[in-house]
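Participant: I'd like to go over a predicted model; first the sequence, then the structure.
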Amino acid sequence: MAKDVLDREEAIRTLVRQLPDDKRQQFFALAEQQLKDPDTYAVLNYLFIAGMHHFYLGNWQQGVINLIIFTLGLLMLLTGHVVIGALLILAISILELPALFNVQAIVKKYNNALMERLYQQLI
């Protein structure tokens, strides 16, 4: 995982530790509700190449694009356009492989941005 992502996480944790007790409790309560789990993201990516993992992190535009391409590929397969359908599904699968192999970094980066927003709301 990238050192800058880990450094950013530690910097946020340091800032949160300096908050007054009531603000720190409020931060952790909000964070607990909103932080995303890398394992859930990985399962959604692995099982549903159709872009469900993008929806999980709130990236609706990319999720819709993936879902449309995947659905179009399935429809092509079912209507006898096997080669085109298979190529569309293969293409979206190949494009999503980096996300599958970088799950921890992607989700940690998302969670860091979320924690920074929560911190800014509380100060």
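Facilitator: Cool, got the structure. Just so you know, these numbers come straight off a predicted model, no measurement behind them. Numbers count the residues shown, from 1 in each chain.
Participant: who does the strand or helix carrying Asp39 touch, helix- and strand-wise?
Facilitator: Here Asp39 sits within helix 38-47, counting by DSSP states H and E. Helix 38-47 sits against helix 52-56, helix 82-101, helix 103-122, with contacts defined as 3 or more C-beta pairs under 8 Å, 6 or more residues apart in numbering; DSSP states H and E. Glycine gets a C-beta too; all of them are placed from N, C-alpha and C.
Participant: can you do 6 Å?
Facilitator: helix 52-56, helix 103-122 (3 or more C-beta pairs under 6 Å, 6 or more residues apart in numbering; DSSP states H and E).
Participant: Pick the most deeply packed of those.
Facilitator: Highest mean neighbour count of these: helix 52-56, a mean of 21 (counted as mean count of other C-beta atoms under 10 Å).
Participant: Can you give the contact residues for it?
Facilitator: If you take C-beta atoms under 6 Å, 6 or more residues apart in numbering as the criterion, helix 52-56 is touched by Tyr41, Leu44, Asn45, Gln62, Gly63.
Participant: if you set the cut-off to 10 Å instead, what comes out?
Facilitator: The contact list for helix 52-56 (C-beta atoms under 10 Å, 6 or more residues apart in numbering) reads 36-37, 40-48, 59-67, 70, 96, 99-100, 103, 106-107, 110.
Participant: Report the buried members of these.
Facilitator: Neighbour-count burial (16 or more other C-beta atoms under 10 Å) applied to these gives 36, 41-42, 44-45, 48, 63, 66-67, 70, 96, 99, 103, 106-107, 110.
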